[in-house]
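[1] got a predicted structure plus its sequence, pasted below:
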Amino acid sequence: MADSAARHLRTYGQIAWLWIRAAWQYPTSFVMLAVGNGLITGLDFVGLWIMFTHLQDLGGFTLREVALLYGSSSLALGLADTVIGSVERIGTYVRTGRLDQMMTKPVPLLVQVCADQFTLRRLGRLTQASVVFGWACTGVDWTPLRVLVAVSMLVSGAMIFFGLFVGFACLQFWTQDTDQLANAFTYGGATITQYPLRIFPREIMVGLTFVVPVAFANWYPCLYLLGRDDPFGTPDAFQLASPLAAVLTVAAALLVWRSGVRHYTSTGS
Amino acid sequence: MSQQTHQPLIEVHDLERTFDVRRRVEGRRRRVREQVRAVHDLTFAVQRGEMVGYIGPNGAGKSTTIKMLTGILVPTGGELRVAGLDPSRDRVELARRIGVVFGQRSTLWWDLPLIDSFELLQKMYRIPPSRYRENLDRFVEILDLGAQLDTPVRQLSLGQRMRGDITAALLHDPEVLYLDEPTIGLDVISKGRLREFLRSLNTERGTTLVLTTHDLQDIEALCERVIVIDHGTSVYDGTLAGLHAQGGSTRTLVVDLVDEAPPIDVPGADVRRVEGPRQWLSFPTDASAAPIVAAVASAYDVADLSIQEPDIEDVIRDLYSREA
């Protein structure tokens, strides 16, 4: 099991590497794409910063604390977005018959779809997010456990977004053109988590904890890093539960994926 | 052949595939659900090393069958084994042992140079580097792709792309190669070269070929055996010669007389057409041409004679119309 997982990861890496190498055939366009992506996402944080020139705090959070939320969520999203590659376009793969082609190859479908057309277009976003996150980290009172939580937060966050991307993309096995609905949950969820959840109604917090668990991608672990009490009074254990939430999300996504593929092979549409 | 005693490579028994189709019916607000049988009661076996033509009109169930054989589609009934595996359940494992070429859809990566597609496939199939080199060199030489290796696939001509696709399907030494309309859109010379290559693949490597095609010359050039499918089930399975006989088709004797004459009257043949001194006589495929030729030659002054074999297209059309 672990053996085959490692093999699939290696295949993924090899395919992804060929795509990166191919992109390097046109270095200018590659660099422009990454820089452009970085600038756009950069402006994103500038907006937040301008907002803070008029505000003392946002829901009790300072700019640097919000930057921690923003940076971690953005990093996790960027990582997941890079890894999943073409999953969002699974509907197109079905329509064009590309999926049939992939099904005749000896590599699990999900690995192939994720690695197909692999691109580092999110490199700009990742750079920008790293800078913001790095700056925010200077405000954290670090202990060994907090370092551990910070690392697990980024890994878990990426896994949670990965699961959401894959899970919602699977809707396209049943009805195509649902990619915008999926975006509302994935990118929408990511946007909300760039702000302290405190500023939203309680129902949003409940939804982002139990339904679309993006609150575990940054909100709960960040509360731990900042040594803050949960403004909603949720149990402290939640602040350390990100890895669990991540494993559950990915497992659920893989189940949905499998049933999506099964639906495809049993209806042929 | 000692292979005969072994299990067939492909075994299909009472295979069935139905689809749910929703159809709009006048006077009803909701669409009505209907079951359509794309394939039913389909039984055949293919031995290792065979070259089989799988033919039939559009919508007969050819693609559905190929999809089930490759594991893309789960059958709704019957049994199916390829190389001892259940295709839909063991799809990923089976993929290593089969090659698939869909004529109208390339498996190659559109934006990448041809050689990159091949390298991607080497990684996917984990082909040992030495074997990969060996196969690549060989196919590139025979299929004359050397000059195109660094060209992005989207810039290749249809024929070059098809040769690229066939190379891609063969790099991992598959036991069976499925070809879905491999010569569609190719010019006559490319078609001829491709057929020659496929034949050599079969004789030299023993690769089993299953070929769906509209081009009956593909079948005539390549396949000893044909399976004709219509309305989802097999209506003929046997040799090409047998198909001619079963179709009740006729051969044609073309006679050029020295002078114009009234329609020739000889036993066992009917005149179909007269054009000046030339006359067309038809007679059953299973009858010998010799007595007819002798009878004509003894009664008339003959300048020239030729015999036309029946056109397989006519034969199959006959077969379809009788089934319908």
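    Cool, the structure landed.

[2] longest helix in chain B, please.
    Ranked by residue count under DSSP state H, the longest helix found in chain B is helix B:188-205.

[3] that one - contacts with which helices or strands?
    strand B:51-55, helix B:158-170, strand B:208-212, helix B:216-222 (3 or more CB pairs under 8 Å, 6 or more residues apart in numbering or on different chains; DSSP states H and E). Just so you know, the C-beta spots here come from the backbone N, C-alpha and C atoms, and that holds for glycine as well.

[4] lowest-confidence stretch among the ones you listed?
    Among these, helix B:216-222 has the lowest mean pLDDT, at a mean of 85.

[5] so how far is that one off the chain centroid?
    Chain-centre distance of helix B:216-222: 7 Å, with CA atoms, centre = their mean, to the nearest Å.

[6] try stretch B:67-75
    The answer for stretch B:67-75 is 19 Å, by CA atoms, centre = their mean.

[7] again, but for stretch B:271-286
    31 Å.

[8] then stretch A:249-256?
    Distance, stretch centre to chain centre, for stretch A:249-256: 14 Å (CA atoms, centre = their mean).

[9] touching chain B at all, that stretch?
    No. Using CB under 8 Å from any CB of the partner chain, stretch A:249-256 stays clear of chain B, with a minimum separation of 15.3 Å.

[10] may I have that stretch exported as CSV, CA atoms only?
    What follows is stretch A:249-256 as a C-alpha-only set of coordinates in CSV (Å, rounded to 0.1, in the frame of the first residue of the first chain):
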residue,chain,number,x,y,z
THR,A,249,-11.1,15.5,4.1
VAL,A,250,-8.7,13.7,1.8
ALA,A,251,-10.2,10.3,2.6
ALA,A,252,-13.7,11.7,1.8
ALA,A,253,-12.4,13.3,-1.4
LEU,A,254,-10.8,10.0,-2.5
LEU,A,255,-14.1,8.2,-1.9
VAL,A,256,-16.0,10.7,-3.9
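
[11] contacting residues for whatever residue of the stretch 51-200 of chain A ends up closest to chain B?
    Taking CB to the nearest CB as the measure, the stretch 51-200 of chain A has residue A:106 as its residue closest to chain B, at 4.0 Å. Residues in contact with residue A:106 (CB atoms under 8 Å, 6 or more residues apart in numbering or on different chains) are B:92-93, B:95-96, B:124-125.

[12] can I assume it sits in a strand?
    No. Counting by DSSP: H, G, I helix; E, B strand; the rest coil, residue A:106 falls outside a strand, being coil.

[13] do you know how far it is from residue B:188?
    As defined by CB to CB, to the nearest Å, residue A:106 lies at a distance of 36 Å from residue B:188.

[14] swap in residue A:242?
    Counting by CB to CB, the gap from residue A:242 to residue B:188 is 65 Å.

[15] ok, which stretches of the stretch 51-200 of chain A are helices?
    Taking DSSP state H, counting those that start in this stretch, the helices of the stretch 51-200 of chain A run over residues A:63-84, A:90-96, A:98-103, A:109-115, A:123-137, A:144-169, A:171-174, A:179-192.

[16] got these as CSV, with mean pLDDT columns?
    What follows is the helices of the stretch 51-200 of chain A, written out as CSV (pLDDT from 0 to 100):
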stretch, mean pLDDT
helix A:63-84, 93
helix A:90-96, 88
helix A:98-103, 92
helix A:109-115, 93
helix A:123-137, 90
helix A:144-169, 95
helix A:171-174, 89
helix A:179-192, 84
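
[17] most tightly surrounded among the ones you listed?
    Burial of those is given as mean neighbour count (mean count of other CB atoms under 10 Å in any protein chain shown); helix A:63-84 ranks first at a mean of 24.

[18] and that one, C-alpha only, in PDB?
    Output of helix A:63-84 as PDB, limited to C-alpha atoms (Å, rounded to 0.1, in the frame of the first residue of the first chain):
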ATOM      1  CA  LEU A  63      -2.600  43.500  10.800                       C
ATOM      2  CA  ARG A  64       0.200  41.200  11.600                       C
ATOM      3  CA  GLU A  65      -2.100  38.600  13.100                       C
ATOM      4  CA  VAL A  66      -4.400  38.900  10.000                       C
ATOM      5  CA  ALA A  67      -1.300  38.400   7.900                       C
ATOM      6  CA  LEU A  68      -0.700  35.100   9.600                       C
ATOM      7  CA  LEU A  69      -4.200  34.000   8.700                       C
ATOM      8  CA  TYR A  70      -3.800  35.300   5.200                       C
ATOM      9  CA  GLY A  71      -0.400  33.900   4.600                       C
ATOM     10  CA  SER A  72      -1.100  30.400   5.900                       C
ATOM     11  CA  SER A  73      -4.400  30.100   4.000                       C
ATOM     12  CA  SER A  74      -2.800  31.500   0.800                       C
ATOM     13  CA  LEU A  75       0.200  29.200   1.100                       C
ATOM     14  CA  ALA A  76      -2.000  26.100   1.600                       C
ATOM     15  CA  LEU A  77      -4.300  27.100  -1.300                       C
ATOM     16  CA  GLY A  78      -1.300  27.700  -3.600                       C
ATOM     17  CA  LEU A  79       0.300  24.400  -2.700                       C
ATOM     18  CA  ALA A  80      -2.900  22.500  -3.300                       C
ATOM     19  CA  ASP A  81      -3.700  24.400  -6.500                       C
ATOM     20  CA  THR A  82      -0.200  23.500  -7.800                       C
ATOM     21  CA  VAL A  83      -0.500  19.900  -6.900                       C
ATOM     22  CA  ILE A  84      -4.000  19.200  -8.300                       C
END
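
[19] tell me the helices and strands packed up against it.
    helix A:27-52, helix A:123-137, helix A:144-169, helix A:179-192, helix A:219-225.

[20] what angle separates the third one from helix A:179-192?
    Using axes from the mean of the first three to the mean of the last three CA atoms, to 10 degrees, the interaxial angle of helix A:144-169 with respect to helix A:179-192 works out to 160 degrees.

[21] for helix A:144-169, the distance to its chain's centre please.
    The answer for helix A:144-169 is 8 Å, by CA atoms, centre = their mean.

[22] go on, the second one?
    For helix A:123-137, the separation from the chain centroid amounts to 15 Å (computed by CA atoms, centre = their mean).

[23] can you spell out which helices and strands pack onto that helix?
    Packing partners of helix A:123-137 (3+ CB pairs under 8 Å, 6+ apart): helix A:27-52, helix A:63-84.
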